[in-house]
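Undergrad: here is the input, now give the coordinates:
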Amino acid sequence: MSDTFKKQLDFIVKEHVFPPPRTVSVDTQAVFMQRMSAGEFELPSIENKDAWRAYINESNYWLTELMKEGTKMHQKILSLTSLMDLQYTKSFQAKLPKVWRTVRSWRVLKCVGVILTMVIFGVVTGCDAKQSDLEKVSLRTPMKSLSNLSVVCSASVIQSVVDGIVGGIEIKSITNGPRYVEGAKYFPASPDLPEFCQVTGSFVTNPDSGKTANFLATLPAHWNGKYLQMGCSGHCGQFAVSDVAMSFATVTNQGYPHDPIKRGYAVFATDEGHEGISAGAWAIKGDGNVDQEAIDDLLQRATRLLATIGKEFTQAFYSRASATEQDIAFSYFIGCSGGGRDALVAASNYPEAFDGIIAGSPYNGVGASFQMVAVTLATLRSHEAYLSPTLIAEVDSYVKANCDANDGIKDGLIQNPAACDFLPERDLPRCEDDVAGD
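TA: Numbers count the residues shown, from 1 in each chain. Have a look, this model is predicted:
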């Protein structure tokens, strides 16, 4: 066991679990180190579910051994392993496989939470990490709850705050989200919720054309120093699942009702550049031509720009409200369905914008439209174009024969579609004399 590794664990335990003079017992730590040095905490193969269950149980046991000597310590660790309070740094994150950064189910996320917590303890990262990596972990002191939120939660004050931010932000009422006079509303504390402020408006997505997208911001008085960006749903155009002040949005995005507000997150969302929940009418201009600007905003531009604008907005607002310079400790993205697609796009194209990304049940609108509409229309062109269930089943077998094993295991699942070399016109047999039939 190297001195570097011992310093890692000591540093994390001392600075992030509980302050001095409380300490972990020498015996417990020594046994834990011996088990680590013996390589008994190696990550199992991701396909081996039984090994993963055993690994998680073993990890939980040793974390408990390290935690059980202090109630405060135990509570801190529980906080670390909670879904949205994982405080891991980008330096640690960069050492993990990409699969950990995009999670597709809450059940797996809980397991990953334990693993990432062990990363914080210097367990999974190994013994070669430098002390300087650990010292980069933010030890930010939480901002005191604002006593003047009712004053600063006004359209005029907030507009003056964001005027200096690049992005052409305009605080105003919107028609496809909560409708507030002038674009801001203060919510006093209630038995169910702490006080918070909601702000609506627009930001510019293309300075050359003046194209804009709407946004919704939820700013609690007891800000925890973290930024949370919500994905949209379906083809977007609304804030049905990204308004954290609405309790029914819980299933798709935010966990328990109003959870982000209660936890103190600054939460931002966008309508992705168009209004209305129609499947695609928003993508066609009045003259019948395709609205490429609207499509660009939907696919990723509006969400990507908000990742920058939203964080600058958050820092500027809380710095003004608290009269103290504030920064963001950690930023996250979470989305389901269309928001799950947003999350995968973020993880693939601009992962550096967030410290953690959660993608639930990703919905590919373009692919779904093709499968549900274009394929059906193609088969109606003529009798010869019709594909019977028997022929479709044959297609499945040919595709899997070409692509199933590309992910390293032949299991009936194509988990690396990018490596799939399949061309229907080349790889599928043709009907005799081009006459349709089974």
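
Undergrad: going forward, measure contacts and count neighbours with C-alpha atoms only.
TA: Fine.

Undergrad: please name the residues that touch the residue nearest to Pro142 when sequence neighbours are not counted.
TA: In this structure, Pro142 finds its nearest non-sequential neighbour in Asn224, 5.9 Å apart by C-alpha to C-alpha, 6 or more residues apart in numbering. Taking C-alpha atoms under 8 Å, 6 or more residues apart in numbering, we find Asn224 in contact with Pro142, Met143, Arg263, Gly264, Tyr265.

Undergrad: 6 Å - rerun?
TA: Counting by C-alpha atoms under 6 Å, 6 or more residues apart in numbering, Asn224 touches Pro142, Gly264, Tyr265.

Undergrad: what does the pLDDT read for it?
TA: Here the pLDDT value assigned to Asn224 is 96.

Undergrad: that's a helix at it, yeah?
TA: No: assessed with DSSP: H, G, I helix; E, B strand; the rest coil, Asn224 is coil; it does not lie in a helix.

Undergrad: so which helix or strand takes in Ile392?
TA: helix 389-403 (DSSP states H and E).

Undergrad: hmm, who's touching that helix?
TA: Contacts of helix 389-403 (C-alpha under 6 Å, 6+ apart): Cys420.

Undergrad: ok, Ile284 to Gly338 distance?
TA: Computed as C-alpha to C-alpha, to the nearest Å, the Ile284 to Gly338 distance reads 20 Å.

Undergrad: ugh, wrong one, I meant Ser397
TA: Distance from Ser397 to Gly338, by C-alpha to C-alpha: 29 Å.

Undergrad: and Gln326, by the same measure?
TA: Computed as C-alpha to C-alpha, the Gln326 to Gly338 distance reads 32 Å.

Undergrad: got the end-to-end distance for stretch 170-190?
TA: End-to-end span of stretch 170-190 (C-alpha to C-alpha): 29 Å.

Undergrad: list the buried ones in that stretch?
TA: Using 16 or more other C-alpha atoms under 10 Å as the burial criterion, the residues of stretch 170-190 that qualify are 170-174, 176-178, 180, 182-187.

Undergrad: who's in contact with it?
TA: 150, 153-155, 159, 195-202, 238-239.

Undergrad: which helices and strands does the longest helix along the chain pack with?
TA: Longest helix in the chain by number of residues (criterion: DSSP state H): helix 302-322. Taking 3 or more C-alpha pairs under 6 Å, 6 or more residues apart in numbering; DSSP states H and E as contact, there are no helices or strands that helix 302-322 lies on.

Undergrad: Cys232 belongs to a strand, doesn't it?
TA: No: read with three-state DSSP, Cys232 is coil and lies in no strand.

Undergrad: look up phi and psi at the nearest residue to it once chain neighbours are set aside.
TA: Using C-alpha to C-alpha, 6+ apart and skipping the chain neighbours, the partner closest in space to Cys232 is Gly339 (4.4 Å). Per-residue torsions, Gly339: phi -70, psi -30 (degrees, to the nearest 10).

Undergrad: now do Val199
TA: Per-residue torsions, Val199: phi -130, psi 140 (degrees, to the nearest 10).

Undergrad: re earlier: who has more neighbours out of Ser397 and Gly338?
TA: Gly338 (23 against 12; other C-alpha atoms under 10 Å).

Undergrad: which residues of this structure fall in strands?
TA: Under the criterion DSSP state E, strands of the chain are mapped to 102-103, 170-171, 184-187, 196-206, 211-220, 226-230, 266-270, 330-336, 356-360.

Undergrad: now Ala245, nearest residue through space, not along the chain?
TA: His258 (5.9 Å).

Undergrad: count of neighbours near that neighbour?
TA: Other residues close to His258 by other C-alpha under 10 Å number 19.

Undergrad: got the confidence number for it?
TA: 89.

Undergrad: report the separation between it and Gly365.
TA: 28 Å.

Undergrad: Ala378 too?
TA: 19 Å.

Undergrad: between those two, which is the more surrounded one?
TA: Legend: neighbour count by other C-alpha under 10 Å for Ala378 and Gly365, higher for Gly365 (16 against 12).

Undergrad: show me what contacts that one?
TA: Neighbouring residues of Gly365 by C-alpha under 6 Å, 6+ apart: there are none.

Undergrad: now distance to Pro424 too, for the strands of the chain, in a markdown table please.
TA: Formatted as a markdown table, the strands of the chain follow (distance: least, C-alpha to C-alpha, whole Å):
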| stretch | distance to Pro424 |
| --- | --- |
| strand 102-103 | 31 |
| strand 170-171 | 50 |
| strand 184-187 | 54 |
| strand 196-206 | 39 |
| strand 211-220 | 39 |
| strand 226-230 | 38 |
| strand 266-270 | 39 |
| strand 330-336 | 32 |
| strand 356-360 | 31 |
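
Undergrad: out of those, which one sits most buried?
TA: Comparing those by mean neighbour count (mean count of other C-alpha atoms under 10 Å), strand 266-270 ranks first with a mean of 30.

Undergrad: name the helices or strands packed onto that strand?
TA: If you count contacts as 3+ C-alpha pairs under 6 Å, 6+ apart, strand 266-270 packs onto strand 211-220, strand 226-230.

Undergrad: pairing partners for that strand, with directions?
TA: Within its sheet, and counting by DSSP bridges, strand 266-270 is paired with strand 211-220 (antiparallel), strand 226-230 (parallel).

Undergrad: using PDB, list the CA coordinates for it.
TA: Only the C-alpha atoms of strand 266-270 are listed here, as PDB (Å, rounded to 0.1, in the frame of the first residue of the first chain):
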ATOM      1  CA  ALA A 266     -30.800  26.300  -9.500                       C
ATOM      2  CA  VAL A 267     -32.800  24.700 -12.300                       C
ATOM      3  CA  PHE A 268     -33.000  25.700 -15.900                       C
ATOM      4  CA  ALA A 269     -34.900  24.400 -18.900                       C
ATOM      5  CA  THR A 270     -35.700  25.400 -22.500                       C
END
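
Undergrad: now do it against helix 302-322, angle only.
TA: 150 degrees (axes from the mean of the first three to the mean of the last three C-alpha atoms, to 10 degrees).

Undergrad: got the angle for strand 266-270 vs strand 330-336?
TA: Going by the same axes, to 10 degrees, strand 266-270 makes 50 degrees with strand 330-336.
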